[in-house]
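Undergrad: Need the 3D shape of this:
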Amino acid sequence: MSTLEFGVVDGDGATIPGMHVQCMATTKPRLTTIAWKITLFQADGAHLLRVYQIDNPGLTGMRPGDHDFPHEHIGEPRQPDDPAWQSIGFNGMLDVFCQRCALTLDGTVPDPTAYPLR
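TA: Prediction:
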C-alpha cells in the first residue's frame, strides 16, 4: 500500500485547520490491478470525519451495485456507482476528486505508486 497525504489551504494560502487529503493505492495480491481511494477528511476534535471519497477498487468484471464497483461517498452515504471510473488511473481520479471537492491543486501531485529513480 502507498499513501500520500497533504493539507488544504484557502484562496489566500492559509491552512484550513483539520482538513487534509489522503491518496491511497493498494496493489491486490496476485493481481496486476491497483485499487485507488482518495479521501477528503475533516478533523472534528478527536474524530476524523470523511467529507468526500472516491473509491475505485480496480477489479474487472464488477457490475453496478457490486460493493467493489467504483463509487463515491459524500460523508458516510454511498452514492450511485459510476462505470466511467473503471478505466481511469490516479490522475483521472484525482481530477474527478478535485472537481467534486472544488479543490485546485497548486503544482503536481505525484502518483503514489510511482517510484522514480534518482
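
Undergrad: For the chain, just list every one of the strands.
TA: 2-9, 15-27, 34-44, 47-56, 71-74 (DSSP state E).

Undergrad: which residues does the spatially most central residue of the chain contact?
TA: Compute the mean C-alpha point of the chain, and by CA atoms, centre = their mean the closest residue is Ile38, 1.1 Å away. With contacts defined as CB atoms under 8 Å, 6 or more residues apart in numbering, Ile38 is in contact with 21-24, 53-54, 93-94, 97. (Each C-beta comes from the backbone N, C-alpha and C, glycine too.)

Undergrad: Let me know the closest of those residues to Asp10.
TA: Val21 (14.3 Å; CB to CB).

Undergrad: Please tell me I have it right and the closest one contacts Val9.
TA: No: with contact defined as CB atoms under 8 Å, Val21 and Val9 do not form a contacting pair (11.3 Å).

Undergrad: Neighbour count: those two, which is higher?
TA: Val21 (22 against 13; other CB atoms under 10 Å).

Undergrad: ok, Pro83 - how many residues close by?
TA: Neighbours around Pro83, by other CB under 10 Å: 11.

Undergrad: What sits closest to Asp82 if chain neighbours are left out?
TA: In space, Asp82 comes closest to Pro70 once its chain neighbours are excluded; the distance is 5.8 Å by CB to CB, 6 or more residues apart in numbering.

Undergrad: So for the one you found, what's the pLDDT?
TA: At Pro70, the model reports a pLDDT of 85.

Undergrad: again, but for Asp95
TA: Confidence at Asp95, expressed as pLDDT, is 90.

Undergrad: and if you look at Ala25?
TA: For Ala25, the predicted pLDDT is 84.

Undergrad: ok, back up a step: from the contacts of Ile38, pick the one nearest Ser2.
TA: Met24 (7.2 Å).
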